[in-house]
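> the following block contains a protein sequence and its predicted model.
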Amino acid sequence: MNWKWDMFFDAFPFVVQGLWITIALTFASYLFALLFGFMWTFLKRIPNKPLNWLVTWVMEFIRSTPPLVQLFFIFYAWPMVPGIGMTLSPFTSAIVGIGIHYSTYISEVYRSGIESVGKGQWEASRALNFTRWQTWRKVILPQALPPTIPMLGNYLIIMFKEVPLASTIGVTGILHMANTYGAHHFRYLEALTIVAILFLVLSYPAAVLVRKLEEKMNRRFDKNEILKEDKGVVM
Amino acid sequence: MPQVMDKEVKQGVQQDEPIVKYENICKSFGDLEVLKGIDLDIMPGEKVALIGPSGSGKTTIIRMLMTLEEPTSGNIIVNGKNLWKMNKNDHLVRANDKHLRQIRGDIGMVFQHFNLFPHMTILENCTTALIHVKKMEKKEAEERSMKMLEKVGLGDKFDAYPSQLSGGQKQRVAMARALVMRPQVMLFDEVTSALDPELVGEVLEVIRDIAKDGEMAMILVTHEMDFAQEIADRVVFLDNGVIAEEGTPEEVLEKSNNERLQSFLHRFRNGNGV
């Protein structure tokens, strides 16, 4: 074992320079996924068979191809697509690539939230003559979204751990910095260890936080019986 | 055969035009034909009880009026306007959302399973539609709602959430929520069926109270025969998707010779003891 502490302390400030890029990319692609996820969810709800079929198929395609391949495609191949192709910076490519990939999963989270709101809530909204938009905004989403918060938090952590993929197209996050440092000094051990430590230090507390949030939501749900409300009494 | 009631005699001065008119309404769910040609007039202020075995289509009748189900064929006329069809370039076409909204504002509904909004307080449950649909000032909406909550005996619960109430209290809130909208027709869909027996009384008490006010037409789908007899102007017995008998509570519940009705009432009175 030839671990060298001086290399560790030398590499640390260099690798940490990439931290804000990693974090910025995480949040940017997460935001992208949250918004795009909404789009999928609502496209799927439009009562039009061919459209539904198309959307389902596209989502399945995105989910079944590796994010790394998608990233490479967006960065290297997209500029060459005639007509609609364009060159994107590594950072933007990563936001779009990781964001679109995870938007298909996040869309499922939204869907489960929306489906957890009982049919009775839609009917009561109708009986009170709400518009469709008011029904979504005042009745459905305020009930559908809170229970999805822990799941959405989980996806934030998962995406944080996926973001290093972007180093393959040259986004200068912590992994990229560590690789650069390692190549310069012909030593990867300390630099990559720093990367591992940084990921652990950030994602572990986040995971604990999400678990706490989940427990809190569960308690709230037991108390409010939101889920039971519409099932009513079995007769 | 449906018989025509003389409402003038029964209700004192009445408008001649029915507020709701079902014309040869049929409804199928897939292969299952639930309603096979319903003709039914509801006069303003009239209290009508719909009774019948489960699966006879009585709930479907009021759900179509609340625009929760679309009839397969036939017309429903509300205040002279065709509910499910509208005029477009001199053709009757399927009503769009806007058309339905214009008409269903006159109709209110109370559900078997209450369907209160669990994320809102009792008061907010009542005010939300006044504020957002009727565009009423918040303060005015709250005053009107508080009055109504007091009327149903829940003025002190305005701050609570639905989950903190008993079934009977929830149902009374649901009634207050529908009543503040001041509909001309109020629909009650088996509103006591999901309640524990000891809570049924308090809910019926409120309906009795509302019925006394008089101006609002009410259609009640109910299994409470004694209650139907007490408050209804007319009882309609549905069987196999058609109106098998209708008339005053006395005519239907006591004097009818209709065999199916007899057996239904017999089963009911023995089985449930209500």
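Thanks, I have it.

> what's the neighbour count on residue 20?
This is for chain A. Using other C-beta atoms under 10 Å in any protein chain shown, A:Trp20 has 11 other residues around it. Where C-beta positions appear, they are placed from N, C-alpha and C, glycine not excepted.

> um, chain B though
By the measure other C-beta under 10 Å, the count of residues near B:Val20 is 25.

> do A:Pro66 as well
A:Pro66 has 10 neighbours, counted by other C-beta under 10 Å.

> B:Leu40 sits in which helix or strand?
For B:Leu40, the enclosing helix or strand under DSSP states H and E is strand B:32-42.

> you'd agree A:Leu68 is up against A:Ala166?
No: contact criterion C-beta atoms under 8 Å: A:Leu68 and A:Ala166 do not qualify, at 9.8 Å.

> so between those two, which is more surrounded?
In this view A:Leu68 and A:Ala166 are compared by other C-beta under 10 Å, and A:Ala166 has more residues nearby, 29 against 15.

> list the contacts for the closest residue to B:Asp196 other than its chain neighbours?
Among residues not flanking B:Asp196 along the chain, B:Gly167 sits closest, at 6.3 Å (C-beta to C-beta, 6 or more residues apart in numbering or on different chains). B:Gly167 is in contact with A:Val233, B:Phe114, B:Ala194, B:Leu195, B:Asp196, B:Leu199, counting by C-beta atoms under 8 Å, 6 or more residues apart in numbering or on different chains.

> lowest-confidence helix or strand of chain A?
Among the helices and strands of chain A, helix A:226-229 carries the lowest confidence by mean pLDDT, DSSP states H and E, at a mean of 44.

> in the top helix by length along chain A, what's buried?
Ordering each helix of chain A by length in residues (DSSP state H) puts helix A:189-224 first. Going by neighbour count (16 or more other C-beta atoms under 10 Å in any protein chain shown), the buried part of helix A:189-224 is A:190-195, A:198-199, A:202, A:210, A:214, A:217, A:221, A:224.

> strand partners (parallel or antiparallel) of the helix or strand where B:Val236 lies?
Per DSSP H and E, B:Val236 falls inside strand B:234-239. Paired neighbours of strand B:234-239 in the sheet (DSSP bridges): strand B:47-51 (parallel), strand B:242-247 (antiparallel).

> as a markdown table, those with mean pLDDT would be great.
Supplementary listing: these in a markdown table, determined by pLDDT from 0 to 100:
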| stretch | mean pLDDT |
| --- | --- |
| strand B:47-51 | 96 |
| strand B:242-247 | 94 |
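
> most tightly surrounded among those strands?
Stretch with highest mean neighbour count among the strands paired with strand B:234-239: strand B:47-51 (a mean of 26; mean count of other C-beta atoms under 10 Å in any protein chain shown).

> and it with strand B:32-42, angle?
Interaxial angle of strand B:47-51 relative to strand B:32-42 (axes from the mean of the first three to the mean of the last three C-alpha atoms, to 10 degrees): 160 degrees.

> and strand B:47-51, how far out from the chain's middle?
Centre-to-centre, strand B:47-51 and its host chain are 9 Å apart (C-alpha atoms, centre = their mean, to the nearest Å).

> now the element after that strand, going C-ward?
With elements assigned by DSSP H and E, the helix or strand that comes after strand B:47-51 is helix B:58-65.

> show residues contacting that following helix.
With C-beta under 8 Å, 6+ apart as the criterion, helix B:58-65 contacts B:20, B:22, B:25, B:27, B:34-35, B:38, B:40, B:50-52, B:69-71, B:76, B:78, B:83-84, B:107, B:109, B:185, B:187, B:189-190, B:219, B:221, B:238.

> so the residue positioned nearest the centre of chain B bridges to which residues?
Most central in chain B under C-alpha atoms, centre = their mean is B:Leu187, positioned 1.4 Å from the mean C-alpha point. Counting by DSSP bridges, B:Leu187 is bridged to B:Met109, B:Ile219.

> that one against B:Asp106, yeah?
No: if you go by C-beta under 8 Å, B:Leu187 and B:Asp106 don't touch, sitting 11.4 Å apart.

> around chain A, pick out the residues from the stretch 51-200 of chain B.
Residues of the stretch 51-200 of chain B found near chain A (C-beta under 8 Å from any C-beta of the partner chain) are B:66-68, B:97, B:101, B:104-105, B:107-109, B:111-119, B:128-129, B:132-133, B:161-163, B:167, B:177-178, B:181, B:193-195.

> mind exporting the host helix or strand of A:Phe14 as CSV, just the C-alpha atoms?
Using DSSP H and E, A:Phe14 sits in helix A:5-16. Extracted as CSV, the C-alpha positions of helix A:5-16 are listed here (Å, rounded to 0.1, in the frame of the first residue of the first chain):
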residue,chain,number,x,y,z
TRP,A,5,-1.3,11.9,2.2
ASP,A,6,0.6,14.7,0.5
MET,A,7,-0.9,13.7,-2.9
PHE,A,8,-4.3,13.6,-1.2
PHE,A,9,-4.0,17.1,0.2
ASP,A,10,-2.6,18.3,-3.1
ALA,A,11,-5.3,16.8,-5.2
PHE,A,12,-8.2,17.9,-2.9
PRO,A,13,-8.5,21.6,-3.8
PHE,A,14,-8.0,20.7,-7.5
VAL,A,15,-10.8,18.1,-7.5
VAL,A,16,-13.1,20.2,-5.4
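
> sort out which residues of it are buried, please.
Buried residues in helix A:5-16 (16+ other C-beta under 10 Å): A:Met7, A:Phe8, A:Ala11, A:Phe12, A:Phe14, A:Val15.

> can you lay out these as TSV showing distance to B:Gly214 and pLDDT?
Formatted as TSV, those follow (distance: C-beta to C-beta, whole Å; pLDDT from 0 to 100):
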residue	distance to B:Gly214	pLDDT
A:Met7	90	90
A:Phe8	86	93
A:Ala11	85	92
A:Phe12	82	93
A:Phe14	84	93
A:Val15	80	92
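
> need the residues you listed in JSON lines (columns: distance to B:Lys151).
Formatted as JSON lines, those follow (distance: C-beta to C-beta, whole Å):
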{"residue": "A:Met7", "distance to B:Lys151": "79"}
{"residue": "A:Phe8", "distance to B:Lys151": "75"}
{"residue": "A:Ala11", "distance to B:Lys151": "74"}
{"residue": "A:Phe12", "distance to B:Lys151": "71"}
{"residue": "A:Phe14", "distance to B:Lys151": "73"}
{"residue": "A:Val15", "distance to B:Lys151": "69"}
